[in-house]
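Visitor: Fold the following and give me the result.
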Amino acid sequence: QVQLAESGGGLVQAGDSVRLSCVLSNPRFGNYAVGWFRQAPGKERDLLAAISPNGAKTYVPDSGNARFAISRDNTLNTVYLQINSLQPDDTAAYYCGADRTYPGWVPIRLSEYDYWGQGTQVTVSS
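Guide: The predicted model follows:
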């Protein structure tokens, strides 16, 4: 069984930075790629960043590569998402997803992720 739990969200000011955490409760954490997504009300769930199981490869869409950074600590079963220069448009629920895959593979499609957390809300005030 794989369970994910996000944390680190909250109410922040425009221009602030935040680091979100995703803990995966499975002893084979190192077999899972993890992606961070966000979803605003009425909108689709979009990929922000993803990291391979071994941490050697990451993917950030061009639209976000200046502000988003993903990393993982396999000793803590945790994947982090650093978001800098937050703006009100960043207000959304942030989710992490997991996909059991090859060590160096980075899944970038929503459909590739089999497990999801409950999400953590980030609200950015101006």
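
Visitor: Tell me if G55 really is in a strand.
Guide: No. Counting by DSSP: H, G, I helix; E, B strand; the rest coil, G55 is not part of a strand but coil.

Visitor: which ones are touching the residue at minimal distance from the centre of the chain?
Guide: The C-alpha lying nearest the average C-alpha coordinate of the chain belongs to W36 (CA atoms, centre = their mean; 2.1 Å). The contact partners of W36, by CB atoms under 8 Å, 6 or more residues apart in numbering, come to 20, 22, 47-50, 68, 70, 79, 81, 94-96. Glycine gets a C-beta too; all of them are placed from N, C-alpha and C.

Visitor: Let's see which of these end up in helices.
Guide: Among the contacts of W36, no member is found in helices (DSSP state H).

Visitor: Closest one to Q121 out of those, please.
Guide: Y94 (7.5 Å; CB to CB).

Visitor: Pull up the gap between the residue lying closest to that closest one once chain neighbours are set aside and A49, please.
Guide: Spatial nearest neighbour of Y94, chain neighbours left out: R38 (4.8 Å); criterion: CB to CB, 6 or more residues apart in numbering. Separation of R38 from A49 (CB to CB, to the nearest Å): 10 Å.
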